[in-house]
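J.: Just the structure for this:
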Amino acid sequence: MAYTVLARRYRSQDFDTVVGQEPIANTLRSAIASGRVAHAYLFCGTRGVGKTSMARIFAKAINSPLNGDGTIGELSEDVVKAIMSGQDQDVIEIDAASNRGVDEARELISNSIYRPMRGPFKVYIIDEVHMLTREAFNALLKTMEEPPEHVKFILCTTEAHKVPPTIQSRCQRFDFRDIPSTRIAEHLSAVLKQEEVEADPALVQTVARLGNGSMRDSLSLLDRLLAAGTKPLTVELLENLLGLPEREVVTGFIQALTQGDAADALARTDELLKRGTGMDLFLETLLGRLRDLMVLSACGKETDLVDLPAEHREQEAELASGFDDAALSHLIVLCETVHRNLRSSAAPRAILDAAIVRMAHLERFALAASVLSQGRSPAPRIESKPAASSRSAGQGKA
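T.: Okay, here's the model as predicted:
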């Protein structure tokens, strides 16, 4: 049989298995139980946070029978499979990126008058709805405001600001937040347990952080690691696969900054670049590490604002003690500025090296800036009186 990727195999199948979007799941479930299901919904959020999965779960739930106690009953296995795979005849999924014109919108409107074949509702899930043309949106306006009683719309988008206000005003809007890396790590651990694969806890947390709030991105990255065939999964495998800077080398680089050793910092940077780490990736990794150090410095070692395994937390707390909050925030701003400027620079390596020297000699640069600032301040004004003496002298001569 063909291999099915983790992001599809471990997709949420009902409200109880939704990860990271529980408030939205509970609200939708309560709306069904109380009979307050609206005719149109707008699901907004970044990629991979569960918008389409939630739309399918909601479509399945409103087409399921209600039990006497208000709970949602069960559909047949074949119907559930069809809905959750996007192949059901009553739950129609439309990709607005490839069906964005007014003709497709008119076809949708003309087909909406036909009643569903099996359940009480015909549900239209329009993915990436912001890709529709202005004419298509205009064609949908009237139908979305007063659709047939058996029709429900669920619009999904990653760019809500591109959806016209006239459409948004006809929908109940739900904003899907980025999934916390701790929740992603918990889900990844559960997936690995079901796959019977051992993994270093530090690896799981690193993959969760690299997902940047997207469960799908994290699962896709985990799939790439599993494809390598190496067991158990380790951080070293991830670093080799993605070309990430080795943690020990980055740690040595930060230690060089605490000691003001520009030569060592430059040497470690050169070591990373020679191993194939790109400048952008190095700066992105450094930004993440500096952010953790800043939070640890400001909030203490036990703070929940950083996601680190116990052994790394101790090490980062020790590194953070070599800086103060202001210095770390300045280093972050400096790294971000250099990261933006690298692509437009004719000499990116020179820009990077200059930034590293400045980071290593941060106190000296701050002192020089203070001196220059004082030098530019206007000198105190001293009133001169010779003019009056001259006038007096002139009058005397006259």
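
J.: Verify the contact between Val197 and Thr230 for me.
T.: No - using C-beta atoms under 8 Å, Val197 is not in contact with Thr230, being 10.1 Å away. C-betas here are computed from N, CA, C, even on glycine.

J.: who touches Asp280 in this structure?
T.: 339, 342 (C-beta atoms under 8 Å, 6 or more residues apart in numbering).

J.: and it, what pLDDT?
T.: We note a pLDDT of 92 for Asp280 in this prediction.

J.: repeat for the one 4 residues further on
T.: pLDDT for Glu284: 91.

J.: and it, what element?
T.: helix 279-299 (DSSP states H and E).

J.: Gln205 too?
T.: Per DSSP H and E: helix 201-210 holds Gln205.

J.: so what are the domain limits for the chain?
T.: Annotated domains of the chain cover 7-175, 181-242, 247-367 [automatic domain parsing].

J.: ok, for Gly211, nearest residue in space, not its chain neighbours?
T.: Nearest residue to Gly211, sequence neighbours excluded (C-beta to C-beta, 6 or more residues apart in numbering): Ser218, at 3.2 Å.

J.: Could you pull up the contacting residues of the one you found?
T.: 48, 184, 188, 207-208, 210-211.

J.: Out of those residues, which comes closest to Glu22?
T.: Ile184 (14.2 Å; C-beta to C-beta).

J.: I'd like the distance from the residue nearest to that closest one when sequence neighbours are not counted to Gln315, if you could.
T.: Closest residue to Ile184 apart from its sequence neighbours, by C-beta to C-beta, 6+ apart: Ala208 at 3.9 Å. For Ala208, the distance to Gln315 equals 19 Å [C-beta to C-beta, to the nearest Å].

J.: Tell me which of these two has more neighbours.
T.: Between Ala208 and Gln315, Ala208 has the larger neighbour count (other C-beta atoms under 10 Å), namely 26 against 12.

J.: doesn't Ala185 make contact with that one?
T.: Yes - counting by C-beta under 8 Å, Ala208 does reach Ala185; the two are 4.0 Å apart.

J.: Now do the shared contacts for those two.
T.: In terms of C-beta under 8 Å, 6+ apart, Ala208 and Ala185 are both contacted by the residues Asp307.

J.: so where's the stretch 251-398 of the chain uncertain?
T.: Within the stretch 251-398 of the chain, the stretches with pLDDT under 70 are 363-398.

J.: Quick check: which element contains Ser53?
T.: helix 51-62.

J.: neighbours of Ser12, just the number please.
T.: 20.

J.: same deal with Ile109?
T.: For Ile109, using other C-beta under 10 Å, the count is 16.

J.: For the helix or strand containing it, list the C-alpha coordinates in PDB.
T.: Using DSSP H and E, the element containing Ile109 is helix 102-111. Taking Å, rounded to 0.1, in the frame of the first residue of the first chain, the C-alpha atoms of helix 102-111 are listed here in PDB:
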ATOM      1  CA  VAL A 102     -17.000  34.200 -11.200                       C
ATOM      2  CA  ASP A 103     -18.000  31.200 -13.300                       C
ATOM      3  CA  GLU A 104     -17.100  28.800 -10.500                       C
ATOM      4  CA  ALA A 105     -19.000  30.900  -8.000                       C
ATOM      5  CA  ARG A 106     -22.100  30.900 -10.100                       C
ATOM      6  CA  GLU A 107     -21.900  27.100 -10.500                       C
ATOM      7  CA  LEU A 108     -21.700  26.800  -6.700                       C
ATOM      8  CA  ILE A 109     -24.700  29.000  -6.300                       C
ATOM      9  CA  SER A 110     -26.800  27.100  -8.900                       C
ATOM     10  CA  ASN A 111     -25.900  23.700  -7.300                       C
END
